[in-house]
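>>> structure of the sequence below:
(2 chains)
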Amino acid sequence: DAGVIQSPRHEVTEMGQEVTLRCKPISGHNSLFWYRQTMMRGLELLIYFNNNVPIDDSGMPEDRFSAKMPNASFSTLKIQPSEPRDSAVYFCASDSGSTGELFFGEGSRLTVL
Amino acid sequence: AQSVTQPDIHITVSEGASLELRCNYSYGATPYLFWYVQSPGQGLQLLLKYFSGDTLVQGIKGFEAEFKRSQSSFNLRKPSVHWSDAAEYFCAVSANTGTASKLTFGTGTRLQVTL
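Numbering: from 1, shown residues only, chains lettered A, B, ... in the order given. Coordinates of the predicted model:
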């Protein structure tokens, strides 16, 4: 079975540019999570969706960040405009129910110059 | 709000030696507890989880963990470490919101294995 698929794996951009990260969850999973990982702050939950509806976006750092899930098989995390402090690895994860087991993608490493 | 503390940032053990990684949690109700492993450049993979019942849980790759409510701990153990176990290990607690499992992760423990 295909796991959680994220793209791009690596992104290097300049400050002020728009960045879009993409995620395809495991088929049949009804919850999707976006996490950010940095050395300083560890793993932070940014937002999660249940049945395509955003449930909790309290971890989204500021208005420059937005996330959508237009259907059960696709989600995006957008940063506009990007800043150097947004440099991190962004993980998408999905969950089939309330089991607590998250299946993670391999992450998107973002570098903002 | 729930929280997780992993007091050891970095641990080095010799191959074949036993391993224990510490995890302490704070949560008002019965916790759902997890250990995940992250290899370099990879996402996280579930090693084991505790929801209820037997306080000693077995996981993949020969790992086990013991839930001790009195100590608010969920330490990860392995009797004999292999070089391939070198990775970062994360303990996590879940706030079962009823709609989705919202995990709070510890800061991680990086395991180095010497040959």
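>>> please count neighbours and contacts with C-alpha atoms only from this point.
Noted.
>>> count residues in the vicinity of residue B:54, would you?
Residue B:54 has 9 neighbours, counted by other Cα atoms under 10 Å in any protein chain shown.
>>> err, residue B:9, not the other one
If we define neighbours as other Cα under 10 Å, then residue B:9 has 13 of them.
>>> so where is the chain shaky, pLDDT-wise?
In the absence of a named chain, chain A is used. A:1, A:98-100 (pLDDT under 70).
>>> you answered for a different chain; I wanted chain B.
Within chain B, the stretches with pLDDT under 70 are B:96-100.
>>> find the nearest non-adjacent residue to the residue of chain B found nearest chain A, please.
Closest approach between chain B and chain A, counting by Cα to the nearest Cα: residue B:43, at 4.4 Å. Excluding the flanking residues, the one nearest residue B:43 by Cα to Cα, 6 or more residues apart in numbering or on different chains is residue A:106, at 4.4 Å.
>>> kindly report the same for residue A:29.
Here the residue nearest residue A:29, using Cα to Cα, 6+ apart, is residue A:96, at 4.0 Å.
>>> from residue B:104, how far off is that neighbour?
18 Å (Cα to Cα, to the nearest Å).
>>> OK, contacts around the residue nearest to residue A:29?
A:28-31 (Cα atoms under 8 Å, 6 or more residues apart in numbering or on different chains).
>>> who wins for neighbours among those?
That'd be residue A:31 among the contacts of residue A:96, by other Cα under 10 Å, with 27 neighbours.
>>> so in chain B, which strand runs the longest?
strand B:87-96 (DSSP state E).
>>> next, the angle strand B:87-96 makes with the helix or strand just after that strand.
Using DSSP states H and E, the helix or strand that follows strand B:87-96 towards the C-terminus is strand B:101-105. Calculated by axes from the mean of the first three to the mean of the last three Cα atoms, to 10 degrees, strand B:101-105 forms an angle of 140 degrees with strand B:87-96.
>>> CA atoms only: put strand B:101-105 into CSV for me.
Extracted C-alpha coordinates of strand B:101-105, given in CSV (Å, rounded to 0.1, in the frame of the first residue of the first chain):
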residue,chain,number,x,y,z
SER,B,101,-6.1,11.8,17.7
LYS,B,102,-4.1,14.9,18.5
LEU,B,103,-0.6,13.9,19.6
THR,B,104,1.8,16.0,21.6
PHE,B,105,5.4,14.9,21.2
